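A.B. asks: need a structure here:
(chains A, B, C and D)
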Number of protein chains: 2
Amino acid sequence: MQPEERQKRIETYLQQAEFASLEELAAHLGVSVSTVRRDLAVLEGKGNIRRTYGGARLLNPQSEEFIFARRDTRQLEEKEAIGRRAAMLAQPGQTLIVDAGSTAYHVARHLGALRPQIITNSLPVANLFASTPAVELILTGGVVYPRLGVMLGPVAVEALGKMHAEVAFMGAGGMTFEGVTNSHALLIEVQRAMLRAADRVVLCVDHTKLGRRSVAFLCEPEKIDAVVTDEAAPLEVVEGLRDRGIEVCLAPLNLRAPARRAAGAGS
Amino acid sequence: MQPEERQKRIETYLQQAEFASLEELAAHLGVSVSTVRRDLAVLEGKGNIRRTYGGARLLNPQSEEFIFARRDTRQLEEKEAIGRRAAMLAQPGQTLIVDAGSTAYHVARHLGALRPQIITNSLPVANLFASTPAVELILTGGVVYPRLGVMLGPVAVEALGKMHAEVAFMGAGGMTFEGVTNSHALLIEVQRAMLRAADRVVLCVDHTKLGRRSVAFLCEPEKIDAVVTDEAAPLEVVEGLRDRGIEVCLAPLNLRAPARRAAGAGS
DNA sequence: AAAGATTTTGAAAGATTTTGCAAGAATTTG
DNA sequence: CAAATTCTTGCAAAATCTTTCAAAATCTTT
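C.D. replies: Numbering: from 1, shown residues only, chains lettered A, B, ... in the order given. I've put the predicted structure just below:
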């Protein structure tokens, strides 16, 4: 095998494994440890990889995407269903705000076909559309909160202050009859700006968030125009919200086999 | 079979395989290894293919996210070297602006160790640091230009107007003694905002940009504090810039030794 | 169409690079 | 501090590259 091909394969392997020992790589590639050592020296020189004692590590892990995109599989099916349902509330060609957070991300995944204009403070959502010319993508800017890829702070707030959208798809840490709450004050600031910028606010929360309260207060329930949640939502909450004039959509959960596939090892 | 047909077939084959050994190609085409070698030399000269030890590799892998990451493989080594050199002009912990574009991207790749605060309008740069808590990342926001992942427009300009940085690492489409130029008016607006926001401006351009002019005028050469380019830069340009008080850094190209060729081997 | 000139092809010899191994230096761990 | 592991360096063998040359193929000229 050729040196460059081998090096490429090492990179590919590391993108899956994050760490790898020398012997692991040598066995995977069918060459000696010395050769792997030399290849790693080259790759480190190019800056993609960091050698560690006994192995190597990926330096700019492209695969270690944002936390929720990979790791936060909690209520994944619910969020997927909610995303699909919520996207139906938007019309083709509209200007839409998409909040940061995993639930709103799943909404975004279903918006592409509408050829919308999308305003977001979420880096994962941005990456979703960055290569899609059919979607006009506008970012709020701001300080990026490391692992979540959320843009926060005054830059984001001021940018949203000058924008206007027809619908905002928002997430939250919790919702009760007393109000909508979230986990961080900086998030709240940006979300308030989103509320002001949008004609219509759609809150997307899975059923575990209903009846729960998070640390920081965002707004009264009346500020929300529609709530999209999943079928497992407690009935009294759903009816209570409807009594307050809030439209509630229950996303159907098709309870088929969970189809959780095991992580495939390298070939 | 005709030579050109053979070469075309080699390209086709490589587009499927990405890598191929000499013997693999020789067998596939039904010719000797020597002939394949010669064909690869021609194809490499045309710039579509890269010869490796034992075979050849496709130069434009289609797996990359943003366009510059694949299109600009031509001056890739230069840009890599420039990036490494330019990063030395920053001090640990400083606030740095990183422009969009491939050259500035390569600078960014070398900035992580400085634990800097990074301001950028480039989505690829943002992704580079989004998962790195050691780097404080600030995005300008703005309309995202589809394939390049650049944030543009008034949102970006206004955000930069309220920021301040110690060093700005900028790219450009061309630079002459008359001024720095770039390819698009919207880019220029944002770059002007960067110039205003930074104490010190470092222009990172490979040697093909020196002496070339692009469509839109950005600024006079005097606005630039330092130029980082590669060793292949024309001497008279380098000296002309230095005469104007601009610091010029030449990044060393550690290309493989040109393998002292006897006369007559030119292609 | 035939003879000569030019180009292309395939193969071999020498130079260069890469690979795997081993010994000594450096680092980590208990 | 000592043992174990890992890293670096130097070297010979193997593989690959470049150069060179003669035969085959193609083109040009008459």
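
A.B. asks: Up against DNA strand C, what does chain A have?
C.D. replies: Within chain A, the positions adjacent to DNA strand C are A:3, A:6, A:31-32, A:34-35, A:38-39, A:53 by C-beta under 7 Å from any atom of the strand. C-beta here means a position set from N, CA and C on the backbone, and glycine is covered the same way.

A.B. asks: which one among these gets closest to DNA strand D?
C.D. replies: Nearest to DNA strand D among these is residue A:53, at 4.7 Å by C-beta to the nearest atom of the strand.

A.B. asks: Tell me which helix or strand comes right after the helix or strand bottoming out on mean pLDDT in chain A.
C.D. replies: When the helices and strands of chain A are scored by mean pLDDT, DSSP states H and E, helix A:67-70 comes last with a mean of 50. Using DSSP states H and E, the next helix or strand after helix A:67-70 towards the C-terminus is helix A:76-87.

A.B. asks: Pull out the buried residues from that following helix.
C.D. replies: Burial within helix A:76-87, assessed by neighbour count using 16 or more other C-beta atoms under 10 Å in any protein chain shown, is assigned to A:77-87.

A.B. asks: What is the neighbour count of residue A:1?
C.D. replies: 14 (other C-beta atoms under 10 Å in any protein chain shown).

A.B. asks: again, but for residue A:194
C.D. replies: 24.

A.B. asks: isn't there a strand covering it?
C.D. replies: No - counting by DSSP: H, G, I helix; E, B strand; the rest coil, residue A:194 is not found in a strand; it is helix.

A.B. asks: residue contacts, it?
C.D. replies: Counting by C-beta atoms under 8 Å, 6 or more residues apart in numbering or on different chains, residue A:194 touches A:97, A:99, A:160, A:168, A:170, A:201.

A.B. asks: Report the two members of those separated by the largest distance.
C.D. replies: A:160 and A:201 (13.1 Å; C-beta to C-beta).

A.B. asks: Same drill for the two, tell me which one is more crowded.
C.D. replies: residue A:160 (29 against 23).

A.B. asks: For the residue in the stretch 51-200 of chain A positioned nearest to DNA strand D, give me its contacts.
C.D. replies: Here the residue of the stretch 51-200 of chain A nearest DNA strand D is residue A:54; by C-beta to the nearest atom of the strand that distance is 4.0 Å. If a contact means C-beta under 8 Å, 6+ apart, then residue A:54 has A:21-22 as its contacts.

A.B. asks: Just want to check the distance between it and residue A:208.
C.D. replies: 42 Å (C-beta to C-beta, to the nearest Å).

A.B. asks: cool, and residue A:23?
C.D. replies: 44 Å.

A.B. asks: ok, the two, which is more surrounded?
C.D. replies: residue A:208 (15 against 12).

A.B. asks: how much space between that one and residue B:250?
C.D. replies: Residue A:208 is 59 Å from residue B:250, by C-beta to C-beta.

A.B. asks: With residue A:94 instead?
C.D. replies: 52 Å.

A.B. asks: can you tell me the average pLDDT over stretch A:22-41?
C.D. replies: Average pLDDT, stretch A:22-41: 90.

A.B. asks: Does that stretch reach chain B?
C.D. replies: No - for a cut-off given as C-beta under 8 Å from any C-beta of the partner chain, stretch A:22-41 has no contacts with chain B; the smallest distance is 12.2 Å.

A.B. asks: Which positions in that stretch come out as buried?
C.D. replies: Buried residues in stretch A:22-41, counted by 16+ other C-beta under 10 Å: A:22, A:24-26, A:28-29, A:31, A:35-36, A:39-40.

A.B. asks: want to throw these into TSV with secondary structure?
C.D. replies: Shown next, in TSV, are the buried residues of stretch A:22-41 (three-state DSSP):
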residue	secondary structure
A:22	helix
A:24	helix
A:25	helix
A:26	helix
A:28	helix
A:29	helix
A:31	coil
A:35	helix
A:36	helix
A:39	helix
A:40	helix
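
A.B. asks: Out of those residues, just show me the ones up against DNA strand D, please.
C.D. replies: Applying C-beta under 7 Å from any atom of the strand to the buried residues of stretch A:22-41, those adjacent to DNA strand D are residue A:22.

A.B. asks: Just the closest of the buried residues of stretch A:22-41 to residue A:174, please.
C.D. replies: Among the buried residues of stretch A:22-41, residue A:24 lies closest to residue A:174 (C-beta to C-beta), at 43.8 Å.

A.B. asks: correct me, but the closest one touches residue A:33?
C.D. replies: No - the criterion here is C-beta atoms under 8 Å, and residue A:24 misses it with residue A:33 at 10.2 Å.

A.B. asks: from chain A, which residue is nearest to chain B?
C.D. replies: residue A:141 (2.3 Å; C-beta to the nearest C-beta).

A.B. asks: so what's that residue up against?
C.D. replies: Taking C-beta under 8 Å, 6+ apart as the test, what residue A:141 contacts is A:151, A:155-156, A:159, B:138-142, B:151, B:155-156, B:159.

A.B. asks: Out of these, grab the one that's most surrounded.
C.D. replies: Neighbour counts for the contacts of residue A:141, by other C-beta under 10 Å, peak at residue B:140, which reaches 34 neighbours.

A.B. asks: per-residue confidence at that residue?
C.D. replies: Listed pLDDT for residue B:140 reads 97.

A.B. asks: Run through the stretch 151-267 of chain A and note the low-pLDDT ranges.
C.D. replies: The stretch 151-267 of chain A contains residues with pLDDT under 70 at A:254-267.

A.B. asks: That one against chain B: which residues are in contact?
C.D. replies: So far as C-beta under 8 Å from any C-beta goes, the stretch 151-267 of chain A lies against chain B at A:151, A:155-156, A:158-159, A:162.

A.B. asks: Tell me the one of those residues nearest residue B:15?
C.D. replies: So of those, ranked by how close each gets to residue B:15 (C-beta to C-beta), first place is residue A:151, at 38.2 Å.
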